[in-house]
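A.B. asks: The sequence and its predicted three-dimensional model are supplied below.
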Amino acid sequence: MNAPAGIDLVGARLDERVAVGERFFAAEADRIARLCHRMAERFVRGGRLIALGSGGADRSDVRHVTVEFVHPVIVGKRALPALGLSAEGGPLAAQAGLLVEPEDIAIAFGAGPDVTAALAVCTRRGALTIAFADVGAEWRFAPPSEDPFVRQELVETLYHVLWELVHVFLDNRGLLAGRRGGAVHDAGASSFLYPFLSEREDDLEAVVADVRASIRMKAAEVGALRAQTLGEGRETLRAAATEMRAAFAGGGRLLALGNGGSATDAMDAVADFHTPPAGSGWAARPALDLTEDPAILTALANDIGVEAMFSRQVIAHGRPGDVVLTFSTSGGSANVILALDEARRRELRTIALVGYDGGRILAERLADHVVVSRSEHIPRIQEAQASAYHVLRELVETDGAGA
């Protein structure tokens, strides 16, 4: 993954992401559309999404996909049942044996023997299975990149698209197995999720074609947002990486935090610093995930309030020389802002990845380094932010060469 000296690392990484994303989603749009249809059929029959993964980055994807399905960020969309099974719950196959039911949908992250064994249990139980490696799934999607960060970003976009577009078929119940076509209806305020859709409950292929077009549009949208995020944020990321490198050299640590899907981004960033990509030669770095412990989070939320969930942990853990990395799609989350305030009082360096127009965090200069993904669509913001913190992780290790 190391770039040759003199190369524009940020630009090179951006070009790769845009090219690979366009190629992958153009090739897979039809299968993704048909998978959305199959998933919708299972959801209406009482099925659930079961996400499987061991540790590290795979665990963060397990948590990310489940929160997206259970907590819809689009007003008017239904919450869909999802469970995450990861290593902290014991052997994955044993957990799957206890919890997976015939109408469920299993989505597996990673390629280890524990994931393969768990997916085999899911298959025997009758679950529909999805994976991104050769682990025996019925639906396998292979991201065309050797870079583990790029592969993970493509997978994140894919499961966001599955969440967004399964609702097309749920809103067209006449297209689902065991149901008759019903009256045409307007998707209302959520129609921007699939602008090509003209509600045709008697024509599956027409709706699949609309969904295919929407998938390609979403891939282009995230490519453009990555270009804006990394392009406008290039110097900010370089400066942040320089400060992080100095902090680590001086014995400092990274503290990461965020809410919901942004909490899983914090989880992923910490995993990336703890466990560098195989063969990269990078050092493992000390990092704390302030979203990780539900006992601490719920105690603080219950006894003091959700606004103090992160600032109290900055008080407990923050030391001179540490760096705080925050994620907020809105740029205005109260508990993130209070954490940044506390970090500044303690003279910790701060980095914020935000969406929309940057919100209060940018407007009030509440962080030392702010990278903005200029969109109001939360899944696309999170996908662009993933590129930003993955590139940041690499920049920390370049020592200025090729940055």
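C.D. replies: The structure has been received and is ready for your questions.

A.B. asks: And whichever strand or helix holds Glu205, what's buried?
C.D. replies: Assigned by DSSP states H and E, Glu205 belongs to helix 204-232. For helix 204-232, burial by neighbour count (16 or more other Cβ atoms under 10 Å) applies to 204, 207-215, 218-219, 221-223, 225-227, 229-230. For glycine as for every other residue, the C-beta is placed from the backbone atoms N, C-alpha and C.

A.B. asks: What average pLDDT does the helix or strand that it is followed by get?
C.D. replies: Following helix 204-232 in sequence order, the next helix or strand is helix 234-249 (DSSP H and E). Averaged over helix 234-249, pLDDT sits at 97.

A.B. asks: Who are the packing partners of the next helix or strand after helix 234-249?
C.D. replies: Once the chain leaves helix 234-249, the next helix or strand it forms, by DSSP H and E, is strand 254-257. Judged by 3 or more Cβ pairs under 8 Å, 6 or more residues apart in numbering; DSSP states H and E, the packing partners of strand 254-257 are helix 261-274, strand 287-289, helix 311-317, strand 323-328, helix 334-345.

A.B. asks: and after the helix or strand containing Asp58, which helix or strand comes next?
C.D. replies: In the assignment (DSSP H and E), Asp58 maps to helix 56-70. Remark: after helix 56-70, the chain's next helix or strand is strand 82-85, criterion DSSP H and E.

A.B. asks: Within the sheet, what are the partner strands of that following strand, with directions?
C.D. replies: strand 49-52 (parallel) (DSSP bridges).

A.B. asks: Pull the residues that contact the partner strand.
C.D. replies: With contact meaning Cβ atoms under 8 Å, 6 or more residues apart in numbering, strand 49-52 is reached by 39, 61-63, 65-66, 69, 80-86, 92, 96, 99-100, 104-109, 115, 118-119, 122, 127.

A.B. asks: Narrow the residues you listed to those that are buried.
C.D. replies: Using 16+ other Cβ under 10 Å as the burial test, the contacts of strand 49-52 include 39, 61-63, 65-66, 69, 80, 82-86, 92, 96, 99-100, 104-109, 115, 118-119, 122, 127 as buried.

A.B. asks: So, low pLDDT: which residues of the stretch 251-400 of the chain?
C.D. replies: Counting by pLDDT under 70, the stretch 251-400 of the chain has low-confidence residues at 399-400.

A.B. asks: For the helices and strands packed on strand 254-257, state which one has the densest average packing.
C.D. replies: Of all the helices and strands packed on strand 254-257, strand 323-328 carries the top mean neighbour count, a mean of 28, counting by mean count of other Cβ atoms under 10 Å.

A.B. asks: what's it packed up against?
C.D. replies: Using 3+ Cβ pairs under 8 Å, 6+ apart, strand 323-328 is in contact with helix 234-249, strand 254-257, helix 261-274, helix 334-345, strand 349-354, helix 359-363.

A.B. asks: Which one of these lies nearest to Leu154?
C.D. replies: Nearest of those to Leu154, taken as Cβ to Cβ: helix 261-274 at 14.3 Å.

A.B. asks: Strand 349-354 and the closest one, what's the angle between them?
C.D. replies: Using axes from the mean of the first three to the mean of the last three Cα atoms, to 10 degrees, the inter-axis angle of helix 261-274 relative to strand 349-354 is 130 degrees.

A.B. asks: which outside residues touch helix 261-274?
C.D. replies: The contact list for helix 261-274 (Cβ under 8 Å, 6+ apart) reads 55-57, 59-61, 63-64, 67-68, 73, 149, 152, 254, 256-258, 284-292, 325, 327-329, 333, 353, 378, 382, 385-386, 389-390, 393.

A.B. asks: roughly how far out does it sit from the chain middle?
C.D. replies: Relative to its parent chain, helix 261-274 has a centroid offset of 9 Å by Cα atoms, centre = their mean, to the nearest Å.

A.B. asks: Now do that helix and helix 234-249, the angle between them.
C.D. replies: 50 degrees.

A.B. asks: Sticking with Cys122, tell me its helix or strand.
C.D. replies: Using DSSP H and E, Cys122 maps to helix 113-125.

A.B. asks: What average pLDDT does that helix get?
C.D. replies: Here the average pLDDT along helix 113-125 is 97.

A.B. asks: Following the chain past that helix, name the next helix or strand.
C.D. replies: Next element after helix 113-125 (DSSP H and E): strand 128-131.

A.B. asks: What's the mean pLDDT across that following strand?
C.D. replies: Averaging pLDDT along strand 128-131 yields 98.

A.B. asks: How about residues contacting the helix or strand that that strand is followed by?
C.D. replies: Toward the C-terminal end, the helix or strand that comes next after strand 128-131 (DSSP H and E) is strand 139-140. Contact partners of strand 139-140, identified using Cβ under 8 Å, 6+ apart, comprise 31, 35, 128-134.

A.B. asks: Measure how the helix or strand hosting Glu164 sits relative to helix 56-70, angle-wise.
C.D. replies: Following DSSP H and E, the helix or strand that holds Glu164 is helix 148-170. Here helix 148-170 points in a direction 20 degrees away from that of helix 56-70 (the same axes, to 10 degrees).

A.B. asks: Make sure Val354 is actually in contact with Leu325.
C.D. replies: No. Using Cβ atoms under 8 Å, Val354 makes no contact with Leu325, being 11.9 Å away.

A.B. asks: what packs against the helix holding Glu205?
C.D. replies: Secondary elements touching helix 204-232 (3+ Cβ pairs under 8 Å, 6+ apart): helix 9-44, helix 148-170, strand 369-372, helix 378-396.

A.B. asks: what's the neighbour count on Ala278?
C.D. replies: 8 (other Cβ atoms under 10 Å).

A.B. asks: Trp139 too?
C.D. replies: Trp139, neighbours per other Cβ under 10 Å, totals 17.

A.B. asks: Also Val161?
C.D. replies: Neighbours of Val161 (other Cβ under 10 Å): 26.

A.B. asks: correct me, but it touches Glu221?
C.D. replies: No. Contact between Val161 and Glu221 fails when scored by Cβ under 8 Å: they sit 10.7 Å apart.
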